[in-house]
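> with the sequence up front, the predicted model follows.
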Amino acid sequence: MRKITLGSTGMEVPAVAVGFWRLNRKTDVKTAEKFIKTAMENGANFFDHADIYGGGEAEKIFAEAVGMTPSVREKMFIQTKCAIVPGKRFDFSKEHIIKSAEGSLKRLNTEYIDVLLLHRPDTMMEPDEVSEAFDELKSSGKVRHFGVSNENIWQMEYLRRNLNVPISVNQMQLSIAHCPMIQSGLNVNMFNDSAVERGSGIIEYCRMNNITMQAWSPLQYGFGEGSFIDSPKYPELNAKLKELAEKYSVSKAAIALSWIASHPAGIQPITGTLKKERLADCLKAADIVLDRDEWYSVYMSAGNILP
Ligand SMILES: NC(=O)c1ccc[n+]([C@@H]2O[C@H](COP(=O)([O-])OP(=O)(O)OC[C@H]3O[C@@H](n4cnc5c(N)ncnc54)[C@H](OP(=O)(O)O)[C@@H]3O)[C@@H](O)[C@H]2O)c1
């Protein structure tokens, strides 16, 4: 599988990552084991977690499924997230960040986290507290690298000015059918709806500052509405994906993921399927590079516009 360098971490990681938002106790450990084995066999050894996934069970199921030991651990990259207290608040306090990371270490049965992300921006944050938490986690060896998720340029810039460690990742919702930050960047200074400022410049900011963008929900539209793959809401997009899928002998989903991975910013899509056959297929996206004509034709087939 093609690899990318993750921000300023120096880590060479697969161009497509595997996410566990949807993993919970409805999936038995044996099924999870086969799923993770499929990922590893296909070179996908970068796994995205969060303290809250599966109500806190996803990290545990993962560790049970791989039979976590130091030798298993060194074959993979583990990223997890903190700072959401579901239904209550976002929490960038020092106490919460450290407690959450320590909880993840325990559930994952590991000595270290490769990358810890702040899950969603906390407007009540004190940057010094975040800095102290990151310094403590780094110096104790519990966390190697840090990043954020769902942050705009100023949130990243403000944090970066107050931290002693680099921000290496920003994980954002991004798919062909959910790409406001690309739409608003392409429609600057127009009167159409796409010109409304919805994150334009985030990709460029990340490129300038050596921050890898990761794309969550790469096959979804809206917020929890469903996948655009085979959706009657997206006939033109599905026809275009089918055409390219036939050209590259992969599935429509793999083309949709390659649309993200082909962007020159080196964006890393995170898959969400829990079906091993679908996963194996999705991972082929890493080695397909759409050219400019193909990329823009997919973009427009989803109803996205150019001025
Ligand atoms: N940072 C954040 O705020 C945030 C938020 C959400 C998610 N995430 C991360 O992003 C990851 C991916 O998000 P996601 O789960 O929404 O990803 P996704 O890949 O866009 O969606 C996966 C879902 O689409 C379904 N699906 C339908 N057709 C499919 C096809 N042909 N191929 C593959 N899947 C198909 C899957 O069902 P089956 O399982 O039945 O295949 C699954 O329910 C998460 O696991 C998590 O790690 C981060």
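Alright, I've got the coordinates. Residues are numbered from 1 along each chain as shown.

> what about the residue of the chain most remote from its centre, distance to residue 303?
Distance from the C-alpha centroid of the chain peaks at residue 191, with 31.5 Å (Cα atoms, centre = their mean). Here the criterion is Cβ to Cβ, to the nearest Å. By it, residue 191 lies 18 Å from residue 303. All C-beta atoms are positioned from the backbone trio N, CA, C, and that covers glycine.

> how much space separates the residue farthest from the centre of the chain from residue 82?
For residue 191, the distance to residue 82 - Cβ to Cβ - is 41 Å.

> so residue 103: helix, strand or coil?
helix (DSSP: H, G, I helix; E, B strand; the rest coil).

> that one and residue 51 touch, don't they?
Yes - shown here, residue 103 and residue 51 form a contact pair, counting by Cβ atoms under 8 Å, at 5.9 Å.

> so for these two, which residue has more residues nearby?
Between residue 103 and residue 51, counting by other Cβ atoms under 10 Å, residue 51 is the more crowded of the two (22 against 15).

> any idea whether that one is helix, strand or coil?
Applying three-state DSSP: residue 51 is coil.

> per-residue pLDDT of it, please?
Residue 51 is assigned 98 on the pLDDT scale.

> ok and the residue in the chain nearest the ligand?
Distances between the chain and the ligand by Cβ to the nearest ligand atom are smallest at residue 272, namely 1.8 Å.

> residues touching the residue nearest to that residue when sequence neighbours are not counted, list them.
Excluding its sequence neighbours, the residue lying closest to residue 272 (Cβ to Cβ, 6 or more residues apart in numbering) is residue 19, at 5.2 Å. By Cβ atoms under 8 Å, 6 or more residues apart in numbering, the contact set of residue 19 is 47, 48, 49, 216, 270, 271, 272.

> hang on, the earlier thing: number of residues surrounding the residue of the chain closest to the ligand?
Applying other Cβ under 10 Å, I find that residue 272 has 21 neighbouring residues.

> got the phi and psi for it?
Backbone torsions of residue 272, given as degrees, to the nearest 10, read phi -130, psi -10.

> ok, now residue 89?
Taking degrees, to the nearest 10 as the convention, residue 89 sits at phi -170, psi 170.

> what sits opposite it in the beta ladder?
residue 85 (DSSP bridges).

> just checking, it touches residue 120?
No - in this structure, residue 89 is not within contact of residue 120 by Cβ under 8 Å, at 10.1 Å.
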